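Asker: Prediction below, plus the sequence it came from.
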Amino acid sequence: MTRPTRQRERDGDRRRWNPTGSADEKEEEEDTEAIDPDEVDPDEIIRTGDGELIHEPTGLIIEEEQIDPGPEWRAFNHSERQQKSRVGAPTTQTMHDKGLTTTIDWKDKDAYGRSISSKKRSQMHRLRKWQERIRTKDAGERNLQFALSEIDRMASALGVPRSVREVASVIYRRALSEDLIRGRSIEGVATSALYAACRKEGIPRSLEEIAEVSRVERKEIGRTYRYISQELGLEMKPVDPKRYVPRFCSELDLSKEVQSKAEEIIETTAEKGLLSGKSPTGFAAAAIYAASLLCNEKKTQREVADVAQVTEVTIRNRYQEQIEAMGIHN
């Protein structure tokens, strides 16, 4: 199938749109060129490089796509892309100014990597200091800057992906804009936003793990989390205990067989209603303990409890419930 010429595309444009033509000309065009797109043979339709669908025999444009927002240049490797790009880094919610302001590197080196003189170092130090001062114009921005840096620090300690940091930053910004911070600590709301983001993105991190990297007590995190999730209307689904199984099994150095058995135990007992009102981490830990016994890869309750950050009593109670529901006898 041949590609239509530019002249044909231009003719198609004229036939499709002629605002300055006379009424007779328009009627003539409608009579001679009216084509129902549903009756056109699909083999006669081609798509141009501009994203337009054209009826090849007549050159009529049937469908136009939106304007491509991408660059007008093409690059085939990283170096070409870097040379031709005329923009900076993409905007991000994890910085209070969304990454749009200028930053001054902390290294005292020039563009060629050579050390600069003491006079220049002093000048750069003053520039950095004033740059940091003018990046935050009021108390609200200083609040946001501190909170987002705390979210970034805790997210790094937890090893969660970049998407979680972005979602946590958006949640904190919403809480700040709706004045939910008043009367609460910045660290508490920031930690709660991170916990909410982990749950929203399906990243298994328990409240105990979040509290370990935070400067706020677990009770305050839970209380603040419930408050902001209710006020912001965050729809949180219950955490699936199976999400914790791969990580816990990996830390306990257990095989895939144990992991599959633990997931099977969780699925079977959850269907019987045993999960309702139970901690997902404790439920997952008990299933792993039971699976390790069944697969002859025994781990002590203390080892499993340390990894899951629950008590041995919790594991014993959940374990007894699970094996009774499964019809397994000690």
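Answerer: Perfect, thanks for sending it.
Asker: Around the closest residue to E56 other than its chain neighbours, how many other residues sit close by?
Answerer: Of all residues not flanking E56 in the chain, E44 sits nearest, at 5.1 Å (CB to CB, 6 or more residues apart in numbering). The C-beta positions use only the backbone N, C-alpha and C, and glycine is treated the same way. Residues lying near E44 (other CB atoms under 10 Å) number 12.
Asker: ditto for the one 4 residues further on
Answerer: Neighbour count of T48, defined by other CB under 10 Å: 13.
Asker: doesn't H55 make contact with it?
Answerer: No - at 11.8 Å, T48 does not count as touching H55 under the criterion of CB atoms under 8 Å.
Asker: any idea where the strands of this structure begin and end?
Answerer: If DSSP state E is used as the criterion, the strands of the chain fall at 45-47, 53-55, 60-63.
Asker: Deepest-packed of the ones you listed, please.
Answerer: Mean neighbour count, computed with mean count of other CB atoms under 10 Å, is highest for strand 53-55 among the strands of the chain, reaching a mean of 19.
Asker: ok, that one: who's next to it in the sheet?
Answerer: Strand 53-55 has the following sheet partners, assigned by DSSP bridges: strand 45-47 (antiparallel), strand 60-63 (antiparallel).
Asker: S292 is nearest to which of those?
Answerer: Nearest to S292 among the strands paired with strand 53-55 is strand 45-47 (57.4 Å), distances taken as CB to CB.
Asker: Now do the closest one, average pLDDT.
Answerer: Regarding strand 45-47, the rounded mean pLDDT is 81.
Asker: all numbers from here: first residue = 299
Answerer: Yes, from this point I'll number from 299; that puts the last item at strand 343-345.
Asker: what's D450 in contact with, if anything?
Answerer: The contact partners of D450, taken as CB atoms under 8 Å, 6 or more residues apart in numbering, are 392, 463.
Asker: mind listing the helices for the stretch 499-628 of the chain?
Answerer: 505-511, 516-529, 543-549, 554-569, 578-592, 599-606, 610-624 (DSSP state H, counting those that start in this stretch).
Asker: any chance of these in a markdown table, with mean pLDDT and mean neighbour count too?
Answerer: A markdown table is the format used below for the helices of the stretch 499-628 of the chain (pLDDT from 0 to 100; neighbours: other CB atoms under 10 Å):
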| stretch | mean pLDDT | mean neighbour count |
| --- | --- | --- |
| helix 505-511 | 90 | 17 |
| helix 516-529 | 92 | 17 |
| helix 543-549 | 92 | 18 |
| helix 554-569 | 91 | 19 |
| helix 578-592 | 92 | 26 |
| helix 599-606 | 92 | 19 |
| helix 610-624 | 90 | 17 |
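Asker: okay if I get those as TSV plus distance to W404?
Answerer: Formatted as TSV, these follow (distance: least, CB to CB, whole Å):
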stretch	distance to W404
helix 505-511	25
helix 516-529	32
helix 543-549	35
helix 554-569	44
helix 578-592	40
helix 599-606	38
helix 610-624	46
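Asker: Could you work out which of these reaches nearest to V537?
Answerer: Relative to V537, the nearest member of the helices of the stretch 499-628 of the chain by CB to CB is helix 578-592, separated by 4.4 Å.
Asker: Convert the closest one to PDB, retaining C-alpha atoms only.
Answerer: Output in PDB follows, covering the C-alpha atoms of helix 578-592 (Å, rounded to 0.1, in the frame of the first residue of the first chain):
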ATOM      1  CA  PRO A 578      -2.000  -9.100  59.300                       C
ATOM      2  CA  THR A 579       1.700  -9.400  60.300                       C
ATOM      3  CA  GLY A 580       0.900 -11.800  63.200                       C
ATOM      4  CA  PHE A 581      -1.400 -13.800  60.900                       C
ATOM      5  CA  ALA A 582       1.400 -14.100  58.300                       C
ATOM      6  CA  ALA A 583       4.000 -14.900  60.900                       C
ATOM      7  CA  ALA A 584       1.900 -17.800  62.300                       C
ATOM      8  CA  ALA A 585       1.200 -19.200  58.800                       C
ATOM      9  CA  ILE A 586       5.000 -19.100  58.100                       C
ATOM     10  CA  TYR A 587       5.700 -20.900  61.400                       C
ATOM     11  CA  ALA A 588       3.100 -23.600  60.600                       C
ATOM     12  CA  ALA A 589       4.400 -24.000  57.100                       C
ATOM     13  CA  SER A 590       8.000 -24.400  58.300                       C
ATOM     14  CA  LEU A 591       6.900 -27.200  60.500                       C
ATOM     15  CA  LEU A 592       4.900 -28.900  57.800                       C
END
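Asker: Which elements pack onto it?
Answerer: helix 543-549, helix 554-569, helix 599-606, helix 610-624 (3 or more CB pairs under 8 Å, 6 or more residues apart in numbering; DSSP states H and E).
Asker: Fine by me, we can end here.
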